[in-house]
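Asks: no letters, just coordinates:
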């Protein structure tokens, strides 16, 4: 049996160097030109079949084994976030207002290292590996764009895998769910229209601020009273924008936020009650509500057979590891869910936090950073899982 953990450790400097370079030069969704260029150069150097410009900045590479078998697609996301970095790291972002605050720099470096190891062992592979370096995961539709571009065809994909470095859990932990792993996500915007006027004579106006406040409160009743206690849902109002002056009642208030669910029936109930409450509460206050709802991702649901293979691989690689299976889910969302809707696969988490080093800030936080000791662990698990599924 190939010792993938040893090989990943031997390549640690390579992986870390790539990760730090990506971290220093983060790029937003569909603008990952520099990142995609480095990815393509590394893959071309391995002699793989490489395609660029997929969904603007996506990169695809194909590695064929020497024996026939299934086609397995493995994905890494490349985009950063519009956040001002506050880590103080030597490799901190050099692009003002943009940082890798979710670990996508690590994901990209990990998958390039996986490609390097797999190329070395291509003679032992039964099947084909398709590498998907995806732009714009952060709510911008990157996975959907790559699906539309035919990522699952030529060659036709049979299985899919992806991972996420996970700062909610410590180094050494693995989360490999047998079914649901991450929630489906909706974006919403509510425009509450009233009648503006002088704040000193509110009876001559129709106050949309008061109506918006009532809507925010009433929306919390959905999870509390319309969703069964043993089912999961989240309704969060995250922004409120109204007015410009302290003594003027505005014409309009804008509310935006997110809805998270797992089960289709729960989603249906939540969306129906959301529209009823927002519209009718506004009307009760003499205002009108205009509602925009947009699905960002469906729920991320693993195929039990594929998840079982990854679990089996993890147990062999990390005999004393903390491997959580079956019941680990998060209300975070992930656009790889669109890929999992089309083809069976597994999306798993690799614990990356280290509180002793101060590396435990949450994802999307200005101080987000992870323990780089996770890199070879993630490389080894992904590479070994690919071999397990293609053996």
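Replies: That came through, no problem. Predicted model only: the values in this text are computed from it and were never measured.

Asks: next one: the nearest residue to residue 354 once chain neighbours are set aside from residue 97, what distance?
Replies: The shortest distance from residue 354 to any non-neighbouring residue, by C-beta to C-beta, 6 or more residues apart in numbering, is to residue 371 (3.9 Å). C-beta: built from backbone N, CA, C; applies to glycine. Noted for residue 371: a distance of 26 Å to residue 97, by C-beta to C-beta, to the nearest Å.

Asks: just want to know which of the two has more residues nearby.
Replies: The neighbour count for residue 371 versus residue 97, taken as other C-beta atoms under 10 Å, is higher for residue 371 (21 against 12).

Asks: surely the more buried one meets residue 357?
Replies: Yes - if you go by C-beta atoms under 8 Å, residue 371 and residue 357 touch, sitting 6.2 Å apart.

Asks: could you list the low-pLDDT ranges of this protein?
Replies: Counting by pLDDT under 70, the chain has no low-confidence residues at all.

Asks: return the set of buried residues in the longest helix along it.
Replies: In the chain, with assignment by DSSP state H, the single longest helix is helix 264-284. Residues of helix 264-284 classed as buried by neighbour count (16 or more other C-beta atoms under 10 Å): 266-267, 269-271, 273-274, 277-279, 281-282.

Asks: and those residues as a markdown table, adding distance to residue 241?
Replies: As requested, these are exported to a markdown table (distance: C-beta to C-beta, whole Å):
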| residue | distance to residue 241 |
| --- | --- |
| 266 | 29 |
| 267 | 27 |
| 269 | 28 |
| 270 | 24 |
| 271 | 23 |
| 273 | 24 |
| 274 | 19 |
| 277 | 20 |
| 278 | 16 |
| 279 | 19 |
| 281 | 18 |
| 282 | 16 |
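
Asks: ok, of those residues, which one's closest to residue 340?
Replies: Checking the buried residues of helix 264-284 against residue 340 with C-beta to C-beta, the nearest one is residue 267 at 16.5 Å.

Asks: quick one: the closest one from residue 298, how far?
Replies: Distance, residue 267 to residue 298, by C-beta to C-beta: 9 Å.

Asks: list residues touching both of the two?
Replies: residue 184 (C-beta atoms under 8 Å, 6 or more residues apart in numbering).

Asks: now the helices for the protein?
Replies: Taking DSSP H as the criterion, the chain contains helices spanning 4-10, 12-24, 33-45, 104-120, 142-148, 208-221, 264-284, 304-317, 337-342, 374-390.

Asks: now for the shortest one, which elements pack on it?
Replies: If I follow you right, that is helix 337-342. Counting contacts by 3 or more C-beta pairs under 8 Å, 6 or more residues apart in numbering; DSSP states H and E, helix 337-342 is packed against helix 142-148, strand 159-170, strand 300-301, strand 345-353.

Asks: in it, what counts as buried?
Replies: Residues of helix 337-342 classed as buried: 337-340 (neighbour count, 16+ other C-beta under 10 Å).

Asks: tell me the contacts of the most centrally placed residue in the chain?
Replies: Residue closest to the mean C-alpha point of the chain, counted by C-alpha atoms, centre = their mean, is residue 334 at 3.6 Å. Going by C-beta under 8 Å, 6+ apart, residue 334 touches 137, 164, 181-182, 297, 300, 347.

Asks: before we move on, what about residue 261?
Replies: By C-beta under 8 Å, 6+ apart, the contact set of residue 261 is 183-184, 232-234, 267, 270, 299.

Asks: CSV for those, including distance to residue 379?
Replies: Conversion of the contacts of residue 261 to CSV gives the following (distance: C-beta to C-beta, whole Å):
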residue, distance to residue 379
183, 28
184, 29
232, 32
233, 36
234, 33
267, 36
270, 39
299, 28
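
Asks: name the member of those with the most neighbours.
Replies: Busiest of these [other C-beta under 10 Å] is residue 183, holding 27 neighbours.

Asks: distance of the residue nearest to residue 47 when sequence neighbours are not counted from residue 49?
Replies: Using C-beta to C-beta, 6+ apart and skipping residues adjacent in sequence, the residue nearest residue 47 is residue 119, 7.2 Å away. Applying C-beta to C-beta, the value for residue 119 to residue 49 is 12 Å.

Asks: residue 304 and residue 159, how far apart?
Replies: Taken as C-beta to C-beta, the span from residue 304 to residue 159 is 13 Å.

Asks: tell me which of these two has more neighbours.
Replies: Remark: of residue 304 and residue 159, residue 159 carries more neighbours, 22 against 15, as counted by other C-beta under 10 Å.

Asks: which residues touch that one?
Replies: Going by C-beta under 8 Å, 6+ apart, residue 159 touches 70-73, 306, 343-345, 389.

Asks: I'd assumed residue 298 was in contact with residue 341.
Replies: Yes - Residue 341 is within contact range of residue 298, at 5.9 Å (criterion: C-beta under 8 Å).

Asks: give the contact list for residue 288.
Replies: By C-beta under 8 Å, 6+ apart, the residues touching residue 288 are 192-193, 282.

Asks: so what's it bridging to?
Replies: Note on residue 288: beta-bridge partners by DSSP bridges are residue 193.

Asks: tell me the domain ranges of this structure?
Replies: Per the record, the chain has its domains at 4-183+299-390, 184-297, by automatic domain parsing.
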